[in-house]
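Peer 1: turn this into a model:
(chains A, B and C, ligands or ions: 3)
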Amino acid sequence: MSSFQPPADRIWWQVPVGKQEIIWAGIALVWCLIMFFMMPYWHVYGKQNLSTEAYQTNAEKYGAAVEAFVEEYQTGVDEQSGMPIVTPPAGSDIYMLGRLWQWYPILNLEKGKSYRLHLSSLDWQHGFSLQPVNINLQVVPGYEMVINVAPDQAGEFTVICNEFCGIGHHTMLGKIHVKEN
Amino acid sequence: MSEDTNLPKPERIPFFQRMLDNPFLLLFIGVAMPTVFYTLWGVMEVATIPIAK
Amino acid sequence: MAQFRVCPDSGFYFDRSAESLMKVNAVAGVVSLLIAGILALGVILTRWQDVHLLPADLFYQVLTAHGINALIFWVIFFEIAVLYFASSTLLRSRLAAPGWAWAGFALMVIGAVMNNVAVMQGNSSVMMTSYVPMQAAPHFYLGLILFAVGALIGCFVFLGTLVLAKDDKTYDGSLPLVVFGALTATIIAIFTIASGAIILVPTFLWSVGYINHIDAEMYRIIWWALGHSSQQINVAAHVSIWYLITGILFGARPMSEKVSRFAFLLYIFFLQLASAHHILVDPGVSSEWKIFNTSYAMYLAVLASMIHGLTVPGAMEVAQRSKGYTKGLFEWLRKAPWGNPVFSGFFFALVIFGFIGGITGVVMGTEQINLIIHNTIYVPAHFHATVAVGTTLTFMALTYLLIPVLFRRALFMPWMAKLQPYVFSLGMTIMILFLLGAGTLGVSRRHWDMDFTGAMLSFDYPGTAYMMVAVGGIGGVLGVVGGAMFLIVTVGSLLFGKKLEPSAGLFQGFCGLPLADSVYNVEQPPRLERAEPVEHHHDGFEAPGTFVLALALLVCFVVYYAINWDYLSSVWPIG
Ligand code: HEM
Ligand SMILES: [Cu+2]
Ligand SMILES: [Cu+2]
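Peer 2: Ligands and ions are numbered 1, 2, ... in the order given. Sure thing, here's the model as predicted:
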């Protein structure tokens, strides 16, 4: 009578399948394949693909690299937060680190230029969430990820932390300024 | 799989049906697939990330 | 002494020990849901920025406990009850190793209590994911481990019962489809729990100081083999229950045993790979790994879900049509028992799971699209459609079915039961849709304050983001009301529901004690026979209405998928 009894036919595998199920499964399969091939397609033709370049690191090593970067290119200090403002040359390696509870330092970038952005955490996991662009990355201590970013809008952008990182999580903000060139 | 003695020799059960009637084979597949493709492969990916200079 | 009683209303045979175990597991599940539901109110009223109820520390503590009690304790306790029902009751078999089953239950209870105590003490507000290197108290992890071991025992009792049933020849032919689905859930559960052990045991040892380092990325990969796969247990379990409910309510039979089982087989092969959904924007993992795993190897598990999406309502349609509801495309659906919460609960769960949960899940699990969604409040919105409605509402519907059958009580306040699926679905759908919207605007999940009070820098979300979260908050409150209605009906039924013959007293309901000895008067139930044969006529479309619904799903899917690629293409180029 039903779904909770054993199948009526002893050899149910050979019972022919209705047209309707076959057609639907066919349509669904085509759709699944389209969705699958969309991902490699975007790797070739799309502009938003996360690089998989990464290195194992640690807090001292990464912290030192960030400090060296700040020292080299610092151009000012943000009054509100006291954080260094760094203006690296276009096309260079730029660094940001997450720690309780800030994104450090503040970056000054140029629109239309590409940069190699290094990201890591000195303590817990953090979430790099660039707003209002809405690009979101997981920042994991012990790992330094390197992504190529090419801001295509000018303005002030904020980095929110969107991975829970303790009681000050909601205060963890950073800034990226992009200026027209 | 199930043999019924009062029937004449039962038809041969197709491969897929026999597989679907075998819980422990399915258990093996269901554990092996993600262990190999997700976990082991994933762990190897992370383990082979180079060390920063 | 005879082992079984036969339920005079449903004809189900209950093994004495299985019956008690089902009751206690279901009750423990409902208690967990009660806790989770009360906490949900704290969560949603804090996220709703105008209300902003709780202080930050309490919010994170409450959110941790809400996630764990809802997602882990409620769902898994109930699933263990379902496994015992599927293996023992549906197969008319003794339960294998009831002593072990009780030991497993005891471990689960101890574990759940221990974990809740740890969170309550305040030093373990680490969210259910407990990402290292943030550390919780040792008994936080130990509680989860004990719970998992208990659940694993439950899985083995299920498998043992399948073996027993087969040896005792309690059924003829292959396993019923519903039991096969439960087997699928069990298989996924075993992988899930094993992964949990692999990662939580070292994490526990680290928390007590025996290990000094757990790699954060390794933790993420292995933890998600637990965290995501556990959601796949739910999918397999609630799809099985959908087949069960359509079978019980409509006498529906699978449109094709082969197709439905093959779909479950695809789950067994591929569903668990989707744990990769959570690793798509992590450092250093190759795109090949991401694409292969996040797509369940070419979306073959999505294919399976789309097949179930046709065959579950399709089976119901065929059954309804054979009863004469043949007018037009949808008479079978219009004339369904909309006043029966078993039906309405099941049907809303199906629709919301498919149309909202399924589509958003696949979209955000796309390798590149995840960039614009990861860790935004879109994510909890998505899984409230899958688990908080799809799974939870299905389990609620099943509970309405089981209260008379298993607990021998008539429903308390049936009018409330009748309304409950409507209120719960409406509230949750509002919350889900608006939080999806807020996530698209970049609102973060697990975040206490949209105003960033106390930050050294500042940021203003657009006004629409606040509006979306607020409307989501109203929906969430309505959802909690719907949840409370469920609890009033279930707890009320056990306390005050009219007793059915043979009847159960208070302790027999809550504590799982067996009914009066004389009720167990069946030595061995008659063998479960194969379903009545029917003619297979597959010339035309047996379920045209369902086919139209399926096409509607596909259209929504394609459109929404395209919209998200378009949105992605508008953000900064990154590579
Ligand atoms: C009854 C109404 C419910 C409401 C109003 C509600 C509300 C919420 C909200 C707003 C969040 C997100 C908070 C944030 O990330 O900041 C959340 C998180 C969550 N909810 Fe619910 N929820 C409800 C029921 C459920 C149910 C039934 C389940 C599961 C069966 C569930 C499982 C979860 C989980 C796992 C999280 C994630 C916790 C984390 O991020 O660690 N919820 N809930
Ligand atoms: Cu942070
Ligand atoms: Cu944070």
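
Peer 1: residues near the nearest residue to residue C:194 once chain neighbours are set aside, how many?
Peer 2: Closest residue to residue C:194 apart from its sequence neighbours, by CB to CB, 6 or more residues apart in numbering or on different chains: residue B:31 at 7.2 Å. (C-beta placed from N, C-alpha, C; glycine too.) Residue B:31 has 19 neighbouring residues, counting by other CB atoms under 10 Å in any protein chain shown.

Peer 1: residue B:31 reaches residue C:193, doesn't it?
Peer 2: No - the pair residue B:31 / residue C:193 is not scored as a contact, 10.7 Å apart, by CB atoms under 8 Å.

Peer 1: any stretches of chain A with poor pLDDT?
Peer 2: A:1 (pLDDT under 70).

Peer 1: strands of that one, start to end?
Peer 2: Taking DSSP state E to define them, one finds strands in chain A at A:54-56, A:74-77, A:84-86, A:93-99, A:102-104, A:106-110, A:115-121, A:126-131, A:135-139, A:143-149, A:155-161, A:173-179.

Peer 1: how about those strands in a markdown table, adding mean neighbour count and distance to residue C:404?
Peer 2: Putting those into a markdown table (neighbours: other CB atoms under 10 Å in any protein chain shown; distance: least, CB to CB, whole Å) gives the following:
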| stretch | mean neighbour count | distance to residue C:404 |
| --- | --- | --- |
| strand A:54-56 | 21 | 57 |
| strand A:74-77 | 13 | 72 |
| strand A:84-86 | 20 | 69 |
| strand A:93-99 | 22 | 55 |
| strand A:102-104 | 23 | 58 |
| strand A:106-110 | 23 | 65 |
| strand A:115-121 | 23 | 54 |
| strand A:126-131 | 26 | 48 |
| strand A:135-139 | 26 | 48 |
| strand A:143-149 | 22 | 55 |
| strand A:155-161 | 22 | 50 |
| strand A:173-179 | 20 | 56 |
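
Peer 1: can you lay out those as TSV showing distance to residue C:514?
Peer 2: Converted to TSV, the strands of chain A look like this (distance: least, CB to CB, whole Å):
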stretch	distance to residue C:514
strand A:54-56	58
strand A:74-77	75
strand A:84-86	72
strand A:93-99	57
strand A:102-104	61
strand A:106-110	69
strand A:115-121	55
strand A:126-131	51
strand A:135-139	51
strand A:143-149	56
strand A:155-161	54
strand A:173-179	60
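
Peer 1: would you tell me which helix is longest in chain B?
Peer 2: helix B:23-34 (DSSP state H).

Peer 1: show residues contacting that helix.
Peer 2: Residues outside helix B:23-34 that contact it (CB atoms under 8 Å, 6 or more residues apart in numbering or on different chains): B:19-20, C:159, C:162, C:183-184, C:186-188, C:190-191, C:194, C:225, C:229, C:265, C:268-270, C:272-273, C:275.

Peer 1: near ligand 3 too, which of those?
Peer 2: Among these, none lies close to ligand 3 by the criterion of CB under 5 Å from the ion.

Peer 1: which among these count as buried?
Peer 2: Burial by neighbour count, judged by 16 or more other CB atoms under 10 Å in any protein chain shown, picks out B:20, C:159, C:162, C:183-184, C:186-188, C:190-191, C:194, C:225, C:229, C:265, C:268-270, C:272-273, C:275 from the contacts of helix B:23-34.

Peer 1: chain C: strands as residue ranges?
Peer 2: So, for chain C - with DSSP E - the strands run C:4-6, C:13-15.

Peer 1: export those to a markdown table and tack on distance to residue A:20?
Peer 2: Shown next, in a markdown table, are the strands of chain C (distance: least, CB to CB, whole Å):
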| stretch | distance to residue A:20 |
| --- | --- |
| strand C:4-6 | 37 |
| strand C:13-15 | 35 |
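
Peer 1: and the one helix or strand in chain B whose mean pLDDT sits lowest, how far from the chain's centre?
Peer 2: Ranked by mean pLDDT, DSSP states H and E, the weakest helix or strand in chain B is helix B:15-20, scoring a mean of 92. With CA atoms, centre = their mean, to the nearest Å as the basis, helix B:15-20 stands 12 Å off its chain's centre.

Peer 1: returning to that earlier point: could you say what helices and strands the next helix or strand after the longest helix of chain B packs with?
Peer 2: Per DSSP states H and E, the first helix or strand lying C-terminal to helix B:23-34 is helix B:41-47. The contact analysis (3 or more CB pairs under 8 Å, 6 or more residues apart in numbering or on different chains; DSSP states H and E) places helix B:41-47 against helix C:216-227, helix C:287-294.

Peer 1: so which bits of helix B:41-47 are buried?
Peer 2: Buried, per 16+ other CB under 10 Å, within helix B:41-47: B:41-42, B:45-46.

Peer 1: just the C-alphas of it, formatted as PDB.
Peer 2: Extracted in PDB, the C-alpha atoms of helix B:41-47 (Å, rounded to 0.1, in the frame of the first residue of the first chain):
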ATOM      1  CA  TRP B  41      42.300  15.500   0.300                       C
ATOM      2  CA  GLY B  42      41.400  18.700   2.300                       C
ATOM      3  CA  VAL B  43      43.900  17.900   5.000                       C
ATOM      4  CA  MET B  44      46.600  17.300   2.400                       C
ATOM      5  CA  GLU B  45      45.900  20.600   0.800                       C
ATOM      6  CA  VAL B  46      46.400  22.400   4.100                       C
ATOM      7  CA  ALA B  47      49.400  20.400   5.100                       C
END
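
Peer 1: which pLDDT value belongs to the most centrally placed residue in chain B?
Peer 2: Central residue of chain B (CA atoms, centre = their mean): residue B:29, 1.2 Å from the mean position. Residue B:29 is assigned 96 on the pLDDT scale.

Peer 1: distance of it from ligand 3?
Peer 2: Computed as CB to the ion, to the nearest Å, the residue B:29 to ligand 3 distance reads 39 Å.

Peer 1: same check, this time on residue C:250
Peer 2: Residue C:250 is 49 Å from ligand 3, by CB to the ion.

Peer 1: residues in contact with that residue?
Peer 2: With CB under 8 Å, 6+ apart, residue C:250 has these contacts: C:315-316, C:319-320, C:323.
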